[in-house]
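[1] Okay, structure incoming, though there's no sequence with it:
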């Protein structure tokens, strides 16, 4: 199942890549040819001139990657519905994996490896995992599992905060 998720994600990213060349006229009369839309190219040019000096020291290395590589890919993509779909799908996959693992444990059959459950959580299924822990009471007592699970949740929250901050810094 993981291969299908990766295949669909790759297909989506490939569909977003465009090879168009944009001719942008800057305020000082200079013509800029770029593969990015003019608004993004000009904001990137302004940021590259300032060398991202307004960013905190910790984020000065991340800012060029975001503004010059990732943001142009996401220009015409409405990010919230896409993320909601990914989190919803992966949460469903993760919940079903927890449920199956619980049933296998009850029957004494071969269990789902914890690493696979954590992979589903890392790929966005942690809300489904949390729901399964509460509803079917599975994997909610093992301390080592809970530690990794909550580190994954913390990682997702930190990345969401970073992306929101970077998006607000550009507008």
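    Ah, there it is. All of these numbers come straight from a predicted model, not from anything done at the bench. Residues are numbered from 1 along each chain as shown.

[2] per-domain residue ranges of the protein.
    20-77, 79-162 (automatic domain parsing).

[3] For residue 137, give its distance to residue 105.
    As judged by C-beta to C-beta, to the nearest Å, residue 137 and residue 105 stand 11 Å apart. Where you see a C-beta, it was placed from the backbone N, CA and C, and this is true even at glycine.

[4] For this structure, just list every one of the helices.
    Along the chain, counting by DSSP state H, helices occupy 2-16, 38-50, 62-65, 71-73, 79-107, 114-120, 126-135, 143-170.

[5] Next, the buried residues of the fifth one.
    Read it as helix 79-107. For helix 79-107, burial by neighbour count (16 or more other C-beta atoms under 10 Å) applies to 86-87, 89-91, 93-95, 97-98, 101-102.

[6] What mean pLDDT does that helix get?
    For helix 79-107, mean pLDDT rounds to 93.

[7] what does the fourth one give?
    Helix 71-73 shows a mean pLDDT of 70 in the predicted model.

[8] right, and the helices of the chain - which one's nearest residue 24?
    Closest of the helices of the chain to residue 24 is helix 38-50, at 3.7 Å (criterion: C-beta to C-beta).

[9] Need the mean per-residue confidence for the closest one.
    Here the average pLDDT along helix 38-50 is 55.

[10] now do stretch 122-135
    Per-residue pLDDT values across stretch 122-135 average out to 96.

[11] Now for the closest residue to residue 110 other than its chain neighbours: which residues touch it?
    In space, and not counting its chain neighbours, residue 110 is closest to residue 104: 6.5 Å by C-beta to C-beta, 6 or more residues apart in numbering. Residue 104 makes contact with 110-112, according to C-beta atoms under 8 Å, 6 or more residues apart in numbering.

[12] for those residues, which one is nearest residue 57?
    Closest to residue 57, out of all of the contacts of residue 104 and judged by C-beta to C-beta, is residue 112, at 42.3 Å.
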